[in-house]
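In: build me a structure from this.
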Amino acid sequence: MLNSEVNWQARVAHAFSRAAPRYDVLATAQRHIGEMLWDSLPPRAFNVLDMGCGTGYWTQRLAERYPNARITGLDLAPGMLEQARQRYGESIHWQPGDAAALPFGKHAFDLVFSNLAVQWCRDIGAVMDELYRVLTPGGQAHITTLLPGTLEEIAFAWQRPEALLQTPDRASVERAIGESSLTIARQAATVERFYYPDLKAVMASIKGVGAQIARPQASLSRNDIAAAQARFEQLRQPEGLPVSYHCLTLHLEKSL
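Out: Below you'll find the predicted structure:
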């Protein structure tokens, strides 16, 4: 693995580990988006993976939905897994690991659930190849990920579009799926918009879930902050300051 990729993974793991204690309080947008997957899940499953499980909220819900299944929660961030283990115990198997190099054998899962995790993987092709490898024939993967345009209001306010997460576009995701031999049973692209009272609340919502923009806090002057506030105010709606998530919801299947 290239050093740049190792460094990227270490930065992501560190950011999310730091965010873990406050994640559940601030992850309202992530929770709302995850609900988009819930109704499409199959009625039965026996070996379930929550890929990018964070603090285990969805993993626990999967355990309740499939009480007879073996449930595994995987995350890159040790701090997230520690929070999950403390909250939900050892009946769920908590596994450190990378979605682009899953630490499981072939045909290990008949259902993979992943809410807003794979956009943090720089090689979407490797993620799809790994999903194909670990799914049983006939297995399903239900995924939400982010598309370009996500957090565009924050990029505008700070005038730092390059600091935001660079996500693959929809065509690149579809190409990676096709090359993996998975099939798309259903997909939908939506824009989910959330509103906050002020810039401080906006930035807390981003930093609090580990997804902070890569701008060193030490470089921010009062003038920088005032200018960002003024630019963001240009976007204010009656509901508050908008933050957009461009979401891709996928139901993938591995052929029998």
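In: ok now do Thr136, which residues does it touch?
Out: Residues in contact with Thr136 (CB atoms under 8 Å, 6 or more residues apart in numbering) are 47, 107-110, 254. All C-beta spots, glycine's among them, are computed from the backbone N, C-alpha and C.
In: oh, I was asking about Ala227
Out: With CB under 8 Å, 6+ apart as the criterion, no residue contacts Ala227.
In: tell me the pLDDT at it?
Out: Note on Ala227: pLDDT of 93.
In: measure the residue located most distally from the centre of the chain to Ile206 for me?
Out: Distance from the C-alpha centroid of the chain peaks at Asn223, with 32.7 Å (CA atoms, centre = their mean). As for Asn223, its distance to Ile206 is 21 Å (criterion: CB to CB, to the nearest Å).
In: could you report the neighbour count for Ser221?
Out: Ser221 is flanked by 8 other residues according to other CB atoms under 10 Å.
In: thinking again about what came up before, for the residue farthest from the centre of the chain, grab phi and psi.
Out: phi -70, psi -40 (degrees, to the nearest 10).
In: Gly139: what secondary structure?
Out: Recorded secondary structure, Gly139: strand (DSSP: H, G, I helix; E, B strand; the rest coil).
In: leaving out the residues flanking it, which one is nearest to it?
Out: Asp110 (4.5 Å; CB to CB, 6 or more residues apart in numbering).
In: show me what contacts that neighbour?
Out: 45-48, 135-136, 138-140.
In: got it, and Ile92?
Out: By CB under 8 Å, 6+ apart, the neighbours of Ile92 are 56, 59-60, 63, 71-73, 84.
In: before we move on, what about His32?
Out: His32 touches 192, 194, counting by CB under 8 Å, 6+ apart.
In: any idea which element it lies in?
Out: Here His32, judged by DSSP states H and E, is contained in helix 28-38.
In: now that helix: buried residues?
Out: 29-30, 33-34, 36-37 (16 or more other CB atoms under 10 Å).
In: same deal with stretch 36-52?
Out: Neighbour counts using 16+ other CB under 10 Å place 36-37, 41, 45, 47-52 of stretch 36-52 among the buried residues.
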